[in-house]
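Asks: after the sequence you'll find the predicted model.
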Amino acid sequence: MATLEIRDLHVSVEADNGSREILKGVDLTVKQGETHAIMGPNGSGKSTLAYSLAGHPKYQITSGQVTLDGEDVLEMSVDERARAGLFLAMQYPVEIPGVSVSNFLRTSATATRGEAPKLRTWVKEVRETMERLHMDPAFAERNVNEGFSGGEKKRHEILQLELLKPKIAVLDETDSGLDVDALRVVSEGVNRVRESGEVGTLLITHYTRILRYIKPDHVHVFANGRIAESGGPELADKLEAEGYEAYTKDGATQ
């Protein structure tokens, strides 16, 4: 059973007036098969946590520990983290001109599985997964995210998630920019992965609407660069009714 452990994580970024601390001591444990929702207002540090776990060079880890199955994640390169089983679905997926979706997916699967998937079974696996996500098969031959709508980009992120089957998936505001139909399709994809029991999910959002489709085991309120409160699904209902004001009286981290 894979376990991601975050202990007293402090993260800073360089600003015009010097280094500024964004995360101020985050503690969190996510086990394979669990779903954790991290909720909080814009600017509370949620995305900083996601990109720090993935190894984005913009974010400087000043102290703390992150381990996956006891291995030091912070000592790993970005690609080593992916091969170890960490997956990030980005809030704003980037375009990769000149790289087709099909080549990108197979290269990624080869890197994470340790060997190239057999072509015949791989093509079938991709086609069936795209059908479940209501994706036109023609997308496989388009360049990654180039000219994709917001919903198409998010479906492509979930396509990667279903095919790569990571140990821990960090989904950074996957619901951002989705209409009701796209939100339902994307959520169904996430739920298919969750139901396998083999993926731990860290779902980052500031809206409760995605939690109507993806039921978390644990809910954490993120404010001012740390977890301010943790609870079960009922905590999301409380936030829906009362908002984040009680947690942000001292001002939110940007």
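Replies: Everything's here; your move.
Asks: and the strands in the stretch 51-200 of the chain?
Replies: If DSSP state E, counting those that start in this stretch is used as the criterion, the strands of the stretch 51-200 of the chain fall at 60-68, 71-72, 86-89, 96-100, 143-144, 168-172, 200-205.
Asks: CSV for these, including distance to Pro41, mean neighbour count and mean pLDDT?
Replies: Where you see a C-beta, it was placed from the backbone N, CA and C, and this is true even at glycine. Conversion of the strands of the stretch 51-200 of the chain to CSV gives the following (distance: least, Cβ to Cβ, whole Å; neighbours: other Cβ atoms under 10 Å; pLDDT from 0 to 100):
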stretch, distance to Pro41, mean neighbour count, mean pLDDT
strand 60-68, 23, 16, 97
strand 71-72, 31, 12, 96
strand 86-89, 21, 24, 95
strand 96-100, 31, 12, 94
strand 143-144, 31, 19, 96
strand 168-172, 15, 26, 96
strand 200-205, 11, 25, 95
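Asks: nearest approach to Lys46 belongs to which of those strands?
Replies: Lys46 sits nearest to strand 200-205 of all these, at 4.7 Å, using Cβ to Cβ.
Asks: got a list of what Arg83 touches?
Replies: Listed by Cβ atoms under 8 Å, 6 or more residues apart in numbering, the contact partners of Arg83 are Ala111, Thr112.
Asks: any idea how far it is from Arg20?
Replies: Taking Cβ to Cβ, to the nearest Å as the measure, Arg83 falls 32 Å from Arg20.
Asks: quick one on the thing from earlier: quick one, which of the strands of the stretch 51-200 of the chain is nearest to Ala15?
Replies: For those, distance to Ala15 was read as Cβ to Cβ. The smallest value, 11.6 Å, belongs to strand 60-68.
Asks: what's the mean pLDDT across stretch 173-186?
Replies: Confidence over stretch 173-186 (mean pLDDT, whole number) is 91.
Asks: now do the end-to-end distance for it.
Replies: With Cα to Cα, to the nearest Å applied, stretch 173-186 spans 12 Å between its terminal residues.
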